[in-house]
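Novice: only the shape, not the letters, is given here:
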C-alpha cells in the first residue's frame, strides 16, 4: 500500500520569500509522485510529476521538486513566492494499483 | 476546451433522497475516478473505472454506486443520502491507468445533505 504525509497543514510566507512544502511518501513499488495545486472553488491542477527520470523536476509557475529516495521525500519549492501562489497544495503517490493516493493538503498563505 | 464537466455545481439535498452527480469528459480518456474532499482529510477515492464497462471500489465506497456505460460518462449515485456525505466531489480522468501522466480534474460538485 502507498501513503503520503504532508508536513504542515498550513504554511505562511512573505511575498518574495522561499516556499517549501514538505511531502514524504511510502510505497511498496518504485513511486511515481505528483504535486497538484487547488485554487479556491476550483479543481486540482497538475504542477509537476516525478516518473523515475530526473530527480529534480521542474513544473509550472516556477515550482520544482526533488525526489530523494533515501529520505522518501518529494518536497516542493519555489525561490520567490508571489501573491498568486496562495492556494492549497496536494502531494500524491501512484502505487502498485495505479491509483493516486493524496496527502491531506497544505494551505499556502502569502503575506504582502 | 477539452476537459471534464461536472454537474450540478452545488446542491442541497434532503437526507434520504437519491442523487446522481454527473461527470462527462471529452478527452477519450480510458480511466475515470470519483474523489471526495473533506477538510483535513484531503481527497479520498470513492470509485474508479479503468475502462468503459468496468468499475472498482476505492477507499470509501459505502453509500455510493457508479456505472460506466461508455467512455465519456461516469455518474456517481447516492442511493439514500446521509449528512456524512456532505462533501465536495471531484471527478477525474487519466488517459490510461498504467501511464503516469497524472489526472485531469473537474471543477467539483459541492453537496450538502441536510
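Specialist: Done, it's in. Not measured: the values here are computed from a predicted model. Numbers count the residues shown, from 1 in each chain, chains lettered A, B, ... in the order given.
Novice: so in chain A, where's the weakest helix or strand by average pLDDT?
Specialist: Ranking every helix and strand in chain A by mean pLDDT, DSSP states H and E puts strand A:100-102 at the bottom, with a mean of 91.
Novice: how about the residues of chain B by chain A?
Specialist: Contact residues (C-beta under 8 Å from any C-beta of the partner chain) of chain B with chain A: B:4, B:33, B:35, B:40-45, B:48, B:50, B:58, B:90, B:92, B:97-98, B:100-108. In short, each C-beta sits where N, CA and C put it, glycine included.
Novice: tell me the buried residues within those residues.
Specialist: When these are checked for burial by 16 or more other C-beta atoms under 10 Å in any protein chain shown, the buried set is B:4, B:33, B:35, B:42-45, B:48, B:50, B:58, B:90, B:92, B:97, B:100, B:102-108.
Novice: before we move on, what SS does the spatially most central residue of chain A have?
Specialist: In chain A, the C-alpha nearest the mean C-alpha coordinate belongs to residue A:35, at 3.7 Å (C-alpha atoms, centre = their mean). State at residue A:35, reduced to three classes by DSSP: H, G, I helix; E, B strand; the rest coil: strand.
Novice: give me every residue in chain A lying close to chain B.
Specialist: Chain A has residues A:9, A:32, A:34, A:36, A:41-46, A:49, A:51, A:90, A:94, A:98-105 near chain B, with proximity defined as C-beta under 8 Å from any C-beta.
Novice: can you do 10 Å?
Specialist: A:4, A:6, A:9, A:31-36, A:38, A:41-52, A:88, A:90-92, A:94, A:97-105 (C-beta under 10 Å from any C-beta of the partner chain).
Novice: quick revisit: helix or strand for the closest residue to the residue nearest to the centre of chain A other than its chain neighbours, just tell me which one.
Specialist: Residue nearest to residue A:35 in three dimensions, not counting chain neighbours: residue A:47, with 4.3 Å by C-beta to C-beta, 6 or more residues apart in numbering or on different chains. Element membership for residue A:47 (DSSP states H and E) is strand A:44-50.
Novice: you'd agree residue A:39 is up against residue A:84?
Specialist: Yes. The criterion here is C-beta atoms under 10 Å, and residue A:39 meets it with residue A:84 at 9.0 Å.
Novice: neighbour-wise, which of those two wins?
Specialist: Neighbours were counted for residue A:39 and for residue A:84 using other C-beta atoms under 10 Å in any protein chain shown; residue A:39 has more, 13 against 10.
Novice: who are the contact partners of the nearest residue to residue B:96 once chain neighbours are set aside?
Specialist: Excluding the flanking residues, the one nearest residue B:96 by C-beta to C-beta, 6+ apart is residue B:30, at 5.3 Å. Residues in contact with residue B:30 (C-beta atoms under 10 Å, 6 or more residues apart in numbering or on different chains) are B:49-52, B:54, B:71, B:93-99.
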